[in-house]
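In: give me a model of this one.
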Amino acid sequence: MLIIVTYDVSTESREGRRRLRRVAKICESMGQRVQKSVFECQVNDMQFEQLERDLLAEIDEQEDNLRFYRITEPVEVRVKQYGTFRSVDFEGPLLA
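Out: Predicted structure coming up:
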């Protein structure tokens with residue numbers, strides 16, 4: 001399944017800046033960054049649950065915001081892209 005992960009981590013304190021880096025690293029390990037705080041992740045149910053647990057363990061729910069969007073199939077009908085960035089086709093060949 002395709003998951004969109006978005007977050008807004010308060011960076012007004014040193015601990016907030018650390019949380020931001022940890023959240024970004026977790027997201028980078030599971031998907032691709034498409035904007036500064038937006039990631040696309042192609043995961044199965046178990047991977048999604050792990051991602052959610054890992055991120056919830058890092059954020060401060062009193063200061064931060066974390067959102068998950070499940071994109072329903074067929075993805076090509078639900079996602080349109082414009083501009084220079086092109087996301088990785090998770091279903092396509094690894095080498096072009």
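In: quick check: residue 49 vs residue 69, distance?
Out: 16 Å (CB to CB, to the nearest Å). All C-beta atoms are positioned from the backbone trio N, CA, C, and that covers glycine.
In: err, residue 78, not the other one
Out: 10 Å.
In: output the biggest helix by length in the chain as PDB, restricted to C-alpha atoms.
Out: Using DSSP state H to assign secondary structure, the helix with the most residues in the chain is helix 14-30. Coordinates of the C-alpha atoms in helix 14-30 are reproduced here as PDB (Å, rounded to 0.1, in the frame of the first residue of the first chain):
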ATOM      1  CA  ARG A  14      17.000  21.800  21.100                       C
ATOM      2  CA  GLU A  15      15.000  18.700  21.900                       C
ATOM      3  CA  GLY A  16      12.500  19.600  19.100                       C
ATOM      4  CA  ARG A  17      15.300  19.900  16.600                       C
ATOM      5  CA  ARG A  18      16.600  16.400  17.600                       C
ATOM      6  CA  ARG A  19      13.000  15.000  17.300                       C
ATOM      7  CA  LEU A  20      12.800  16.500  13.800                       C
ATOM      8  CA  ARG A  21      16.000  14.800  12.700                       C
ATOM      9  CA  ARG A  22      15.000  11.400  14.200                       C
ATOM     10  CA  VAL A  23      11.500  11.600  12.600                       C
ATOM     11  CA  ALA A  24      13.100  12.400   9.200                       C
ATOM     12  CA  LYS A  25      15.600   9.500   9.500                       C
ATOM     13  CA  ILE A  26      12.800   7.000  10.300                       C
ATOM     14  CA  CYS A  27      10.800   8.300   7.300                       C
ATOM     15  CA  GLU A  28      13.800   8.200   5.000                       C
ATOM     16  CA  SER A  29      14.400   4.500   6.000                       C
ATOM     17  CA  MET A  30      10.900   3.600   4.800                       C
END
